[in-house]
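**Student:** A structural model of the following input is requested.
(one chain, ligands or ions: 1)
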Amino acid sequence: MIRPLSMLFLAVCLFASGCQSAPGPDNDATDDFNGLAYALVLHGGAGAMSPDQMPEAVQERYKNALDSALQAGLDTLEGGGSSLDAVVRVIMYLEDHPLFNAGKGAVFTSDGKNELDASVMTGHDLNAGAVAGVTDIKNPILAARAVMEQSGHVMLAGRGASLFAEAVGLELVDPAYFFTERRFESLRRIREMEKHGTVGCVALDRAGNLCAGTSTGGISNKRYGRVGDSPIIGAGTYANNRTCGVSATGQGEYFIRWTVAHDISALMEYKEMDVESAAKKVVLEKLVEAGGEGGVVCLDALGRPAMVTNTSGMFRAYGNSEGERMVAIF
Ligand code: ASP
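**Tutor:** Here you go, the predicted model:
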C-alpha cells in the first residue's frame with residue numbers, strides 16, 4: 001500500500017531542488033510496514049552541478065538514461081530475477097552508456113589511459129567480488145560478479161583480472177574502446193560541469209535479498225595505478241540483509257578512510273538507526289567534517305531508500321513494486 005503521505009513526499013522530491021531525502025514508505029514508520037516486494041535505487045555519480053549550468057537538453061539526456069536503467073532493473077525484479085541480476089543489469093546498462101564515468105565513457109588517468117574499478121556484494125551471504133585497475137574488460141561489473149562466483153577470491157587487479165575475465169569467457173576489448181575522439185569532444189563540456197559520473201545500484205528482490213554494486217573509471221587525471229573506493233567492500237559498496245545495501249560515489253580517498261558504506265550499515269546494526277538517518281549521519285556529518293565530497297544510495301532490508309549527498313547534485317533514481325518512481329539530479 002502506498003501511503004498518501006509518502007506519495008506527497010515523492011511529489012515534493014520530484015520537483016524540489018536539492019532534496020536529499022528519499023521517497024518511499026516513511027522511514028520512521030516501524031508500526032505496520034512489512035516491506036516492499038522489491039525495490040531498486042541507483043546513482044550515476046555526484047558532484048558540484050547546478051540547473052543553471054546544465055542545459056535542459058543535457059539534463060533530459062541524463063534523466064532518460066537513468067530512467068531506462070531503472071526500468072531495466074525493475075523489469076528484472078518484477079519477473080522474479082535476483083537482486084544480483086538486477087544490479088548487474090543496471091550497471092551494465094550504465095557502463096555501456098557513454099554519458100557515465102564507467103565502462104565506455106570512463107575518465108582518463110594523467111597519462112591518458114582508462115583504468116576501471118568495480119565491485120558487487122550480496123547481502124544474504126556477505127559474498128563479494130571486485131576488480132581494480134582493469135583496462136580491457138568491456139563490462140567490469142561482469143568481471144566483479146565472476147570474481148565473486150568463480151574465483152575463490154574477493155578482488156583481482158590489473159592483468160590478473162583480465163586473464164581471469166578472459167578465462168571465464170568475458171568480452172575483452174582493445175583499451176581504445178573506452179575512448180573515441182568524437183565522443184570525448186562531444187562530452188568534454190558535460191564532464192567539465194560534472195567531474196564524476198560513477199555508477200551504482202542497490203536492489204531488493206522478491207526473495208528479500210539485498211545486493212549492491214558500483215562501477216567507475218575513477219577520478220579524472222588520477223595517477224597510474226590509483227584505486228578508489230568503488231571496488232573496496234565496505235568503502236564504496238556494501239550489502240547485508242540484516243541492515244542495508246549501499247553504493248557510494250565521490251572522492252574515493254575519503255570514502256576508503258571513513259569506510260563509508262560499512263559505517264552506514266554499522267550504525268543501523270549497532271545503534272539501530274534507520275537507513276536514512278544512518279546515511280545522513282555519515283555523509284552529511286562525518287564526511288563533511290572530514291572534507292570529503294560525495295553521496296550514497298541505499299536500501300534497507302524492507303526496500304526503503306536513502307539517497308543522500310553533500311554535493312549540489314547526484315544523478316539518481318528509485319523505483320519499487322508499489323509503482324513509486326523518481327529520477328532526479330539536483
Ligand atoms: N568514488 C570514485 C573514485 O574515487 C569516483 C566517483 O565516484 O566519482 O574512484
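**Student:** contacts and neighbour counts: CA atoms only from here.
**Tutor:** Will do.
**Student:** residues from the stretch 201-330 of the chain in reach of the ligand?
**Tutor:** The stretch 201-330 of the chain comes close to the ligand at residues 218-219, 228-230, 249-252, as judged by C-alpha under 6 Å from any ligand atom.
**Student:** let's have these in JSON lines, adding pLDDT and distance to residue 264.
**Tutor:** Converted to JSON lines, those look like this (pLDDT from 0 to 100; distance: C-alpha to C-alpha, whole Å):
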{"residue": "218", "pLDDT": "94", "distance to residue 264": "22"}
{"residue": "219", "pLDDT": "89", "distance to residue 264": "23"}
{"residue": "228", "pLDDT": "97", "distance to residue 264": "19"}
{"residue": "229", "pLDDT": "98", "distance to residue 264": "15"}
{"residue": "230", "pLDDT": "98", "distance to residue 264": "16"}
{"residue": "249", "pLDDT": "98", "distance to residue 264": "14"}
{"residue": "250", "pLDDT": "97", "distance to residue 264": "16"}
{"residue": "251", "pLDDT": "96", "distance to residue 264": "17"}
{"residue": "252", "pLDDT": "97", "distance to residue 264": "16"}
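**Student:** keep only those of these that are in helices.
**Tutor:** residue 252 (DSSP state H).
**Student:** of the residues of the stretch 201-330 of the chain next to the ligand, which is the nearest to residue 289?
**Tutor:** Residue 289 has its nearest neighbour among those in residue 251, at 14.0 Å by C-alpha to C-alpha.
**Student:** just give me the neighbour total for the nearest residue to the closest one once chain neighbours are set aside.
**Tutor:** Leaving aside its chain neighbours, residue 251 sits nearest to residue 293 (5.8 Å; criterion: C-alpha to C-alpha, 6 or more residues apart in numbering). Neighbour count for residue 293, taken as other C-alpha atoms under 10 Å: 22.
**Student:** ok, now residue 130?
**Tutor:** Neighbours of residue 130 (other C-alpha under 10 Å): 32.
**Student:** chain center to the helix or strand that contains it: distance?
**Tutor:** With elements taken from DSSP states H and E, the one containing residue 130 is strand 127-134. With C-alpha atoms, centre = their mean, to the nearest Å as the basis, strand 127-134 stands 15 Å off its chain's centre.
**Student:** restrict that strand to CA atoms and write it as PDB.
**Tutor:** What follows is strand 127-134, C-alpha atoms only, in PDB (Å, rounded to 0.1, in the frame of the first residue of the first chain):
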ATOM      1  CA  ASN A 127      29.800 -12.700  -0.600                       C
ATOM      2  CA  ALA A 128      31.600 -10.100  -2.700                       C
ATOM      3  CA  GLY A 129      33.700  -9.700  -5.900                       C
ATOM      4  CA  ALA A 130      35.700  -6.800  -7.300                       C
ATOM      5  CA  VAL A 131      38.200  -5.800 -10.000                       C
ATOM      6  CA  ALA A 132      40.600  -2.900  -9.800                       C
ATOM      7  CA  GLY A 133      42.600  -1.000 -12.400                       C
ATOM      8  CA  VAL A 134      41.400  -3.000 -15.400                       C
END
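**Student:** sheet-wise, list the partners of that strand with their directions.
**Tutor:** Next to strand 127-134 in the sheet, as set by DSSP bridges, lie strand 116-122 (antiparallel), strand 155-157 (parallel).
**Student:** the following helix or strand past it near the ligand at all?
**Tutor:** Using DSSP H and E, the next helix or strand after strand 127-134 towards the C-terminus is helix 140-146. No. Helix 140-146 lies apart from the ligand when judged by C-alpha under 6 Å from any ligand atom; the minimum separation is 13.6 Å.
**Student:** which other helices and strands does helix 140-146 contact?
**Tutor:** helix 83-96, strand 116-122, strand 127-134, helix 158-167, strand 210-216 (3 or more C-alpha pairs under 8 Å, 6 or more residues apart in numbering; DSSP states H and E).
**Student:** low-confidence regions, the stretch 51-200 of the chain specifically.
**Tutor:** Counting by pLDDT under 70, the stretch 51-200 of the chain shows low-confidence ranges at 180-196.
**Student:** re earlier: out of the strands paired with strand 127-134, deepest packed?
**Tutor:** Neighbour counts (mean count of other C-alpha atoms under 10 Å) averaged over each of those peak at strand 116-122, with a mean of 33.
**Student:** list the contacts of it.
**Tutor:** Contact partners of strand 116-122, identified using C-alpha atoms under 8 Å, 6 or more residues apart in numbering, comprise 84, 102-103, 106, 127-135, 140-141, 144-145, 148, 209-218, 227-228, 230-233, 237-240.
**Student:** which residues of the stretch 201-330 of the chain fall in strands?
**Tutor:** 210-216, 237-239, 244-250, 294-300, 305-309, 313-320, 325-328 (DSSP state E, counting those that start in this stretch).
**Student:** in the stretch 1-150 of the chain, what residue is nearest the ligand?
**Tutor:** Going by C-alpha to the nearest ligand atom, the ligand is nearest to residue 45 of the stretch 1-150 of the chain, at 5.6 Å.
**Student:** in contact with that residue, which residues?
**Tutor:** 100-101, 196-199, 249-250, 314-316.
**Student:** 7 Å instead?
**Tutor:** By C-alpha atoms under 7 Å, 6 or more residues apart in numbering, residue 45 lies in contact with 196-199, 249, 314-315.
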